[in-house]
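Participant: just need the structure, nothing else, for what follows:
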Amino acid sequence: MEISGVISALVIGTAVGALGRLVVPGRQHIGVLWTVVVGITAALVGTAIARVAGLSDTSGADWTEWLAQVLLAALGVAALSRVNGLR
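Facilitator: Take a look at the predicted model:
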C-alpha cells in the first residue's frame, strides 16, 4: 500500500468514526484514537459488505456504502464505549 492509500484510510476512517460517534447518543467513554481505529475498521468492513452485496459499483456517490460504514462505526463506538464504561 502506498503512502497515499494510508493517508486516505486515515482520513476516511477519521470521518467515518466521527460520524459514527455523532450517531450514538450520550457520552462515549472512548478516546480519539479508538474512534479512528473503529472508523477505519468500519470503513474496511462496510466497503467489503457493499462489494459482496453489489452496492459499491454505482455511477454516482456510494451512499449505501457510506451508510453501511457509518452504521458499523456507530455500532463499534457504542460497543467499545459500553465495554470501557463498565470498567
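
Participant: buried ones in stretch 43-55?
Facilitator: By neighbour count on 16 or more other Cβ atoms under 10 Å, the buried set for stretch 43-55 is 43, 44, 46, 47, 49, 50. C-beta: built from backbone N, CA, C; applies to glycine.

Participant: what about the helices in this protein?
Facilitator: Under the criterion DSSP state H, the chain contains helices at 3-23, 32-53, 63-86.

Participant: include mean pLDDT when you put those helices into TSV, please.
Facilitator: Putting those into TSV (pLDDT from 0 to 100) gives the following:
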stretch	mean pLDDT
helix 3-23	82
helix 32-53	85
helix 63-86	83
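
Participant: what sits against residue 15?
Facilitator: Taking Cβ atoms under 8 Å, 6 or more residues apart in numbering, we find residue 15 in contact with residue 39.

Participant: distance of it relative to residue 59?
Facilitator: To residue 59, residue 15 is 22 Å away according to Cβ to Cβ, to the nearest Å.

Participant: so what's the residue count around residue 33?
Facilitator: Residues within reach of residue 33, counting by other Cβ atoms under 10 Å, total 9.
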